[in-house]
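Asker: Requesting a structural model of the entry that follows:
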Amino acid sequence: MREGIHPPYGPVVFRDRAANHAFLTRSTMTSEKTIEWEDGNTYPVVDVEISNVSHPFYTGTARVLDTAGRVERFERRYGKQG
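Answerer: So this is what the prediction gives:
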């Protein structure tokens, strides 16, 4: 690895505001905001919109699209070819 070209890699807290969930990991992202973590140390905190706690795929609230109905509606509107 070349010296001086890589961003610093350290502990960061990612916080999902929608689900009121936070987790500590390592990342190159930084932030001016900080938070005191459960271990008593202070870490930079990055707010995210979606995490595994609030994402519809992981929570089981994902919607299933009716693709058959969409195809039929397209064929009715524009006619079935050949």
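
Asker: going forward, measure contacts between C-alpha atoms and count neighbours the same way
Answerer: Will do.

Asker: give me the low-pLDDT residue ranges for the protein?
Answerer: 1, 55-68, 81-82 (pLDDT under 70).

Asker: Okay, helices next: where are they in it?
Answerer: Under the criterion DSSP state H, helices of the chain are mapped to 56-59, 67-78.

Asker: quick one: buried residues of the last one?
Answerer: Judged by neighbour count (16 or more other Cα atoms under 10 Å), helix 67-78 contains no buried residues.

Asker: Format the CA atom coordinates belonging to it as PDB.
Answerer: The C-alpha atoms that make up helix 67-78 are tabulated as PDB, following Å, rounded to 0.1, in the frame of the first residue of the first chain:
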ATOM      1  CA  THR A  67     -46.300  -8.000 -12.900                       C
ATOM      2  CA  ALA A  68     -48.900 -10.200 -14.600                       C
ATOM      3  CA  GLY A  69     -51.500  -7.500 -14.300                       C
ATOM      4  CA  ARG A  70     -49.100  -5.000 -15.700                       C
ATOM      5  CA  VAL A  71     -48.400  -7.100 -18.800                       C
ATOM      6  CA  GLU A  72     -52.100  -7.600 -19.400                       C
ATOM      7  CA  ARG A  73     -52.800  -3.900 -19.100                       C
ATOM      8  CA  PHE A  74     -49.900  -3.200 -21.500                       C
ATOM      9  CA  GLU A  75     -51.300  -5.700 -24.000                       C
ATOM     10  CA  ARG A  76     -54.800  -4.300 -23.700                       C
ATOM     11  CA  ARG A  77     -53.600  -0.700 -24.200                       C
ATOM     12  CA  TYR A  78     -51.200  -1.400 -27.100                       C
END
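
Asker: distance between that helix and the chain's centre?
Answerer: 33 Å (Cα atoms, centre = their mean, to the nearest Å).

Asker: cool, stretch 36-50 as well?
Answerer: For stretch 36-50, the distance to the chain centre is 16 Å (Cα atoms, centre = their mean).

Asker: go on, stretch 36-56?
Answerer: Chain-centre distance of stretch 36-56: 11 Å, with Cα atoms, centre = their mean.

Asker: CA atoms only: put it into PDB for me.
Answerer: Provided in PDB are the C-alpha atoms of stretch 36-56 (Å, rounded to 0.1, in the frame of the first residue of the first chain):
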ATOM      1  CA  GLU A  36     -20.800   8.500  23.300                       C
ATOM      2  CA  TRP A  37     -21.100   4.800  22.800                       C
ATOM      3  CA  GLU A  38     -22.000   2.000  25.200                       C
ATOM      4  CA  ASP A  39     -18.300   1.300  26.000                       C
ATOM      5  CA  GLY A  40     -17.800   4.900  27.200                       C
ATOM      6  CA  ASN A  41     -15.700   6.000  24.200                       C
ATOM      7  CA  THR A  42     -16.700   8.900  21.900                       C
ATOM      8  CA  TYR A  43     -17.000   8.100  18.200                       C
ATOM      9  CA  PRO A  44     -18.000  10.000  15.100                       C
ATOM     10  CA  VAL A  45     -21.600   9.400  14.100                       C
ATOM     11  CA  VAL A  46     -23.000   9.200  10.600                       C
ATOM     12  CA  ASP A  47     -26.800   9.300  10.100                       C
ATOM     13  CA  VAL A  48     -28.300   7.000   7.500                       C
ATOM     14  CA  GLU A  49     -31.800   6.900   6.000                       C
ATOM     15  CA  ILE A  50     -32.100   3.100   5.800                       C
ATOM     16  CA  SER A  51     -30.400   0.200   7.600                       C
ATOM     17  CA  ASN A  52     -31.100  -3.500   7.900                       C
ATOM     18  CA  VAL A  53     -33.500  -2.700  10.700                       C
ATOM     19  CA  SER A  54     -35.800  -0.400   8.600                       C
ATOM     20  CA  HIS A  55     -35.300  -1.700   5.100                       C
ATOM     21  CA  PRO A  56     -38.500  -3.400   3.700                       C
END
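
Asker: Fine by me, thanks again.
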